[in-house]
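# structure for the following, please:
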Amino acid sequence: MASGDVLLDIHSVSRSFGDVRALDDVSLQIRENEFFALLGPSGCGKTTLLRVIAGFEQPDSGTVTLDGQDLLPIPPEKRAVNLMFQSYALFPHMTVERNVGYGLVCDKVPRDEIRTRVGEVLATVGLTDKRDALPKTLSGGQRQRVALARAIVKRPRLLLLDEPLSALDRKIRGEMQMELKRLQHEVGITFVVVTHDQDEAMSLADRVAVLDRGVVRQLASPMDLYRRPRSIFVADFIGNSTILRGTYGHGQWMADGVPPFAVADSAREAIAIALRPEAVTLVPEGSEGSRVRGEVVEVFFQGDHALCQVRVGGEMFLAALRDHGDHALPRRDEACGLTWADDAAVPLFEE
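Numbering: from 1, shown residues only. Presented below is the predicted three-dimensional model:
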């Protein structure tokens, strides 16, 4: 199968638990050698979908095929799919080498081949020198690598990762994000990761499906999700935004509590618009070109930039301040203006 061809086809999958509809007619296609993310808040259905793919849940309706083969009648252990659990689930009494090779032993792979394959995968994840170590002697990042090595040593067509980095601290999590991306390209396996962490999904994935209450709200590349969200939910969930509900009229956007301001004609049918903080510029009060006037509520220093909350009438706007250097940041209650380009306002057409 060529890279980019459809590997996993999920069609009209639904699953309910009593009155709760965890998955509502979900359809997705995941490509060969793709790093794909299922993103959404707790309870959105992403873990249920992962369990359906893995074989631990049966859908009420719909189909799931892997490379054209119907997966639903196949038990989990017979699928060309591996699931890496959030807890890692390492055997504490086994060495790293035995943990990684355990699945191959269960499959009755010849001993020499097991040793060769385990050695290769330990080299890939950078743990050759830890092959004789017990899990309790490893760091959190090293245990995560052992779990990953155990998952890929069986050479599955598809690797499922359930919140794989949530147990790690922020610095190690960032390092492991880069490591996961490198490994995915190196081993040539399709990865599907479930996460509620938008930064994780956006930095890792080639494409992201955003789920909400069992429904796929949008499926797109990370860049398109951020720059062109279709719904209020996606714009609010992905990154920071100022979201203004209102109506378009005569080239202007009219929202309660905010003076009308010019927008592009693409907002004609929108129910709301979104402004990303980096598109909004804070200027001195009364500056030429200022679209709205407001007062600074709070400033959050975030290293390479500062995020400024500005109250405009009854709404709160966000503006990113970059290249401030040693200059003083705005003060609370300071009057200011805000400006942005006409096409910076992203039209939103769905709730």
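# element containing Val13, please.
Using DSSP states H and E, Val13 sits in strand 6-17.
# most remote residue from the chain's center?
Most distant from the centre of the chain: Gly286, at 40.3 Å, with distances by CA atoms, centre = their mean.
# can you give me how far stretch 137-144 is from the chain middle?
In terms of CA atoms, centre = their mean, to the nearest Å, the centre of stretch 137-144 is set 23 Å apart from its chain centre.
# follow-up on the earlier one: give me the three-state assignment for the residue farthest from the centre of the chain.
coil (DSSP: H, G, I helix; E, B strand; the rest coil).
# re the thing from before, and the strand holding Val13, what other elements does it pack with?
Here strand 6-17 touches strand 20-31, helix 46-54, strand 61-66, strand 190-195, going by 3 or more CB pairs under 8 Å, 6 or more residues apart in numbering; DSSP states H and E. Every residue, glycine included, has its C-beta placed from N, CA and C.
# that strand pairs with which strands?
strand 20-31 (antiparallel), strand 61-66 (antiparallel) (DSSP bridges).
# the strands in the stretch 201-350 of the chain, which residues?
For the stretch 201-350 of the chain, the strands defined by DSSP state E, counting those that start in this stretch cover 207-212, 215-220, 242-245, 247-249, 252-255, 258-262, 272-275, 281-284, 292-301, 305-312, 315-322, 335-339, 346-348.
# how about those strands in CSV, adding mean pLDDT?
As requested, these are exported to CSV (pLDDT from 0 to 100):
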stretch, mean pLDDT
strand 207-212, 97
strand 215-220, 97
strand 242-245, 94
strand 247-249, 94
strand 252-255, 91
strand 258-262, 86
strand 272-275, 96
strand 281-284, 91
strand 292-301, 92
strand 305-312, 92
strand 315-322, 91
strand 335-339, 93
strand 346-348, 95
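# among the ones you listed, which is nearest Ala80?
Closest approach to Ala80 among these (CB to CB): strand 207-212, 21.2 Å.
# pLDDT wise, what is the residue nearest to Arg79 when sequence neighbours are not counted at?
Distance criterion CB to CB, 6 or more residues apart in numbering; nearest residue to Arg79, sequence neighbours excluded, is Gly55 at 5.5 Å. pLDDT, Gly55: 95.
# try Leu168
Taking Leu168 on its own, its pLDDT is 68.
# out of the strands paired with strand 6-17, deepest packed?
Sort the strands paired with strand 6-17 by mean neighbour count, taking mean count of other CB atoms under 10 Å, and strand 20-31 sits at the top with a mean of 19.
# what's the angle from that one to strand 215-220?
20 degrees (axes from the mean of the first three to the mean of the last three CA atoms, to 10 degrees).
# elements contacting the next helix or strand after strand 20-31?
Later in the chain than strand 20-31, the nearest helix or strand by DSSP H and E is strand 35-39. Other helices and strands packing on strand 35-39, by 3+ CB pairs under 8 Å, 6+ apart, are helix 46-54, strand 190-195, helix 198-204, strand 207-212.
# Throw those into TSV and include distance to Leu122, thanks.
Formatted as TSV, the helices and strands packed on strand 35-39 follow (distance: least, CB to CB, whole Å):
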stretch	distance to Leu122
helix 46-54	25
strand 190-195	19
helix 198-204	23
strand 207-212	30
